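In: structure of the sequence below:
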Amino acid sequence: MPERPATQGQLRLDGVAKSFGAAQALRDVTLAAAPGTFLVLLGPSGCGKSTLLRVLAGLEAPTAGQVFINGRDATGLPPASRGIAMVFQSYALFPHLSVAENIIFGLRARGVGRAERDARLSRTAQMMGLAGLLDRRPAQLSGGQQQRVALARAVVAEAPICLMDEPLSNLDAKLRAEMRREIRALQQRLGITMVYVTHDQAEAMSMADQVVLMRDGCVEQDATPAELYARPATTFAASFIGTPPMSLLRLVPGAHGAEVAGAPGLAVARIDAAGATLGIRPEEVAPTDGAGLPVRVLAAEFLGAETVLACAVGDGAEVMQARIPGHHALPAGTHLRLRLPPALHLFDAHTGRRLPEPVRENAFA
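Out: Have a look, this model is predicted:
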C-alpha cells in the first residue's frame, strides 16, 4: 500500500446532531480519532451508533455540526468523495459474481485500470487468505469466508479509513472470536483508521484503541478500554461494561460512616459519602471469615473457571454480584460475608456522574 500524507486517516466530528422529524438520533456528538486508530462505537440498540456511522460515510446528512475526514471538511461531500471504505452487517456480496469479481467490483465502478485492479486483487487475496477461492461464488463459501470477502472488498480500495457496521453479528461465537483477532491484526498491519460499530462489549474491549460509549444519541464516555473499565464516568458506563457488570449500591448515613442500604451498623465509607451510589466490581470481592458485608446468596452460576454469585445485601434492600475463582456449590439462602476492595467507586446518586475520587477507606479492606 502506498505511503499516505500525515492527515490521511484523521477523523473529527464537531457538534454533530441528526434528527428524523421529531426524533433526535444524535445530540452534539464531538469526538476525534488519530490516524491508525481502531475506534469502536459501542452501545445498546437505538443509541445512535449506526446513525453516526452513516453520517461519517455520507449516507446521512447531519442536521447540525461538521464532519472532518482526512484533514478536510467533508460534511457536504458524497460518499464516493470521502476516501473511505465500508463493510456492511449483511456483507452485501453479489451472489452471481465470483469472489474475485466481488472484491474488485468497486474498483471497476471507479474506472481503475485492469492492470492496477489485478495487482490490488492479487495483494489483497494473499493477505486475506482468499487466493484459492477467487473463482467461487458466495454461496459456496462459509460464513467466515464470506466475511473475509467483504473485508477484502474494503481493503482493496486502499482507503485510509474503513467503517464497519456490526460485521460479525451473523457469525457463531467461536468464529466471532477468530474474526475479532483477524480484523484487529489486519487493521494494525495496514495501519488504517477503523471505525467499528458493535453492541458487544467483548468486541469493543478486545479490539479497540479507543471506545466511544453512546447512550440516547450522546457520547457517554470516550476513553481507552482500560480506562473505561477502571474509571467508568457514569453509572451507565459502569453497568454496561463488565461481565457481570459493576454492582451499584445505595449508601445511607450510619452511626460511624456511610453504610450500604439494608446493612446497618457496618460503615464502608466516610460519612460524607452517604447519599451517593457505591460501585463495586464483582471480581474484587471475596468471601471472608472476618468482618465483611453480610449477604445472602440468591443464585450461584458455575462457569467452569469461576462461580458468579447473585447476592442480597443485608436485609435484601440491595443486590450485588460476586465473581469468585473456582467451583463453589452454594445453595440459595446461604449467608456469607464479603470482603470489599480498598478502592471503591462513587457516583452522584442524581446525575449518575462519577465523583472526583473513589472511596479509599472502608471497614472491610
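In: all strands of the stretch 51-200 of the chain, in order?
Out: Using DSSP state E, counting those that start in this stretch, the strands assigned to the stretch 51-200 of the chain run over residues 64-69, 72-73, 84-87, 161-165, 193-198.
In: got the buried residues for stretch 130-139?
Out: 130, 133, 134, 138 (16 or more other C-beta atoms under 10 Å). C-beta coordinates here come from the backbone N, C-alpha and C atoms, glycine included.
In: over to stretch 108-123?
Out: For stretch 108-123, using 16+ other C-beta under 10 Å, the buried residues are 112, 117, 120, 121.
In: now stretch 334-348
Out: With the criterion 16+ other C-beta under 10 Å, stretch 334-348 contains buried residues 334, 336, 337, 338, 339, 340, 341, 344, 345, 346, 347.
In: by contact count, what packs against the helix or strand hosting residue 227?
Out: Secondary structure from DSSP states H and E places residue 227 in helix 225-230. Here helix 225-230 touches helix 201-207, strand 210-215, going by 3 or more C-beta pairs under 8 Å, 6 or more residues apart in numbering; DSSP states H and E.
In: following element in sequence after that helix, please.
Out: helix 235-240.
In: outside of that following helix, which residues touch it?
Out: 42-44, 201, 213, 215, 220-221, 228, 232, 245-246, 248, 277, 279, 345, 347, 352 (C-beta atoms under 8 Å, 6 or more residues apart in numbering).
In: of those, which belong to strands?
Out: 42, 213, 215, 220, 221, 248, 277, 279, 345, 347 (DSSP state E).
In: on that earlier part again, need the buried residues of stretch 334-348 in JSON lines (columns: distance to residue 187 and pLDDT).
Out: JSON lines is the format used below for those (distance: C-beta to C-beta, whole Å; pLDDT from 0 to 100):
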{"residue": "334", "distance to residue 187": "47", "pLDDT": "93"}
{"residue": "336", "distance to residue 187": "45", "pLDDT": "92"}
{"residue": "337", "distance to residue 187": "46", "pLDDT": "92"}
{"residue": "338", "distance to residue 187": "41", "pLDDT": "92"}
{"residue": "339", "distance to residue 187": "41", "pLDDT": "90"}
{"residue": "340", "distance to residue 187": "39", "pLDDT": "88"}
{"residue": "341", "distance to residue 187": "35", "pLDDT": "86"}
{"residue": "344", "distance to residue 187": "36", "pLDDT": "84"}
{"residue": "345", "distance to residue 187": "32", "pLDDT": "92"}
{"residue": "346", "distance to residue 187": "36", "pLDDT": "93"}
{"residue": "347", "distance to residue 187": "34", "pLDDT": "96"}
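In: can I get these in TSV including distance to residue 294?
Out: As requested, the buried residues of stretch 334-348 are arranged in TSV below (distance: C-beta to C-beta, whole Å):
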residue	distance to residue 294
334	12
336	8
337	6
338	8
339	12
340	12
341	17
344	17
345	21
346	21
347	23
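In: my read: residue 134 touches residue 102, true?
Out: No - using C-beta atoms under 8 Å, residue 134 is not in contact with residue 102; the gap is 9.6 Å.
In: enumerate every residue touching residue 143.
Out: 170, 171, 172, 175.
In: sorry, back to before: tabulate the buried residues of stretch 130-139 (CSV), appending pLDDT and distance to residue 253.
Out: Formatted as CSV, those follow (pLDDT from 0 to 100; distance: C-beta to C-beta, whole Å):
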residue, pLDDT, distance to residue 253
130, 88, 65
133, 90, 67
134, 93, 71
138, 91, 64
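In: of the residues you listed, closest to residue 288?
Out: residue 130 (55.3 Å; C-beta to C-beta).
In: the contacts of residue 143, buried ones only, as a PyMOL selection?
Out: To isolate the buried subset of the contacts of residue 143 in PyMOL, counting by 16+ other C-beta under 10 Å, use the following:
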select buried, resi 171
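In: pull stretch 113-131 out as CSV, backbone CA atoms only.
Out: The C-alpha trace of stretch 113-131 is given here as CSV (Å, rounded to 0.1, in the frame of the first residue of the first chain):
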residue,chain,number,x,y,z
GLY,A,113,-7.4,0.2,-14.9
ARG,A,114,-7.2,-3.6,-15.4
ALA,A,115,-3.5,-3.9,-14.5
GLU,A,116,-4.0,-1.9,-11.3
ARG,A,117,-7.1,-4.0,-10.5
ASP,A,118,-5.3,-7.2,-11.0
ALA,A,119,-2.3,-6.1,-8.9
ARG,A,120,-4.5,-5.0,-6.0
LEU,A,121,-6.6,-8.2,-6.2
SER,A,122,-3.5,-10.3,-6.0
ARG,A,123,-2.2,-8.5,-3.0
THR,A,124,-5.5,-8.5,-1.2
ALA,A,125,-6.3,-12.1,-1.9
GLN,A,126,-3.0,-13.2,-0.5
MET,A,127,-3.3,-11.0,2.6
MET,A,128,-6.9,-12.3,3.3
GLY,A,129,-6.2,-16.0,2.6
LEU,A,130,-8.6,-16.0,-0.4
ALA,A,131,-6.2,-16.8,-3.2
